[in-house]
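Enquirer: Any chance you could fold what I've pasted below:
(one chain, ligands or ions: 1)
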Amino acid sequence: MTSGRSLVGLLVSVGLVVVLAVVFAVGSGLFGEKSGKRKDGKGETVIGKSMYAAKDDVCRSNLGQVRQSLEIAKDPVEGTNPESLEETKLGNDFYKCPVGSEPYEYDKATGQVKCVHLGHEKY
Ligand SMILES: [Zn+2]
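Expert: The predicted structure is shown next:
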């Protein structure tokens, strides 16, 4: 009886190992060039890709908050844009890209702020 149960256990663990091996093989590109390669070439494995995808979201959300805060920091009388991103007082983590640490580009004339990181141009 116990031998039957351990055989099932063995089969289950072998199955799990195979599934994991396939996941990592696909993630590390063993099956040729897969779609979904990032423009900045970061994140080679499945885990790496999802980590950077999460950081992309942080970048997008940072830019959203910076834009809102810039709107608030506008001169209420003149309607002029703030001198720098620092005037939003969000903290230094909000002025650079969480993926590549490039500082965000701020144009005082238009009040536009954008990320210069590869693939983040449209954020
Ligand atoms: Zn970015």
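
Enquirer: Could you use CA atoms for every contact and neighbour count after this?
Expert: OK.

Enquirer: Next up, the contacts around whichever residue of the chain sits closest to the ion.
Expert: Closest approach between the chain and the ion, counting by Cα to the ion: residue 97, at 4.0 Å. For residue 97, the contact set (Cα atoms under 8 Å, 6 or more residues apart in numbering) comprises 59, 103, 104, 115, 117.

Enquirer: switch to 7 Å and redo it
Expert: Residue 97 is in contact with 59, 103, 104, 115, counting by Cα atoms under 7 Å, 6 or more residues apart in numbering.

Enquirer: Checking the first one next. Helix, strand or coil?
Expert: Right, residue 59. helix (DSSP: H, G, I helix; E, B strand; the rest coil).

Enquirer: For burial, what's the neighbour tally of it?
Expert: Around residue 59 sit 24 other residues, with neighbours defined as other Cα atoms under 10 Å.

Enquirer: How much space separates it from residue 21?
Expert: Distance from residue 59 to residue 21, counting by Cα to Cα, to the nearest Å: 32 Å.

Enquirer: Same question for the second one.
Expert: Distance check for residue 103 against residue 21: by Cα to Cα, it reads 39 Å.

Enquirer: More neighbours: which of these two?
Expert: A side-by-side neighbour count of residue 103 and residue 21, using other Cα under 10 Å, places residue 103 first with 17 against 12.
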